[in-house]
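In: From the sequence below, what's the structure:
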Amino acid sequence: MKKILSISSFILVVLLGSFQNSNALTPAPSMIGISFSSKAYWDEGLRRCEPRDKGCCFHIEFIPIVPGPGQINGTLETRQNNEIAFSFSKRGGILSETWNELSKNGYFMLDGDGTFSQEILKKLGLPANFKLSEGRYPYTENGDVVTVILK
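Out: Predicted structure coming up:
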């Protein structure tokens, strides 16, 4: 098990080091990790490593990182009437000081226009010039999960 962990850690460090020279403007909300399994093979149909007598299997995993100030790790989905639902966990997806800054009087506050990468807009099926207007947006809480409805 230690050998597997050591190999996975080494590959992760090498991969992360190779991204240092990229031209990205903002950090990604997750890290890319490599999962190594001994005595396994990659089953393309199942999209996972499956056991076997010898060999090994490598695959990529996205590892969520703890958000920093002003960052939120969550999910987006489109709803009816061009609404977007942004959901995140108050326990692991946002720092309490960020939550306190963004939530006031029962609303999620945007102090300026919100923009999206083109990749996200394509995946959500929204027009290339879509942006959110400054203002306050309603949200609901279900346990520690917050869902903000953005229009």
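
In: thought Gly125 was touching Thr78?
Out: Yes - Gly125 is within contact range of Thr78, at 6.1 Å (criterion: CB atoms under 8 Å). Placement of C-beta: from N, CA and C, glycine included.

In: The two: which is more packed in?
Out: Thr78 (13 against 8; other CB atoms under 10 Å).

In: Need the pLDDT of the more buried one.
Out: Looking at Thr78, its pLDDT is 89.

In: Please report how far it lies from Lys122.
Out: Separation of Thr78 from Lys122 (CB to CB, to the nearest Å) stands at 12 Å.

In: Next: Arg52.
Out: For Arg52, the distance to Lys122 equals 38 Å [CB to CB].

In: Likewise for Arg91?
Out: Noted for Arg91: a distance of 31 Å to Lys122, by CB to CB.

In: likewise Asn105?
Out: 34 Å.

In: now Gln80
Out: From Gln80 over to Lys122 (counting by CB to CB), the distance is 20 Å.
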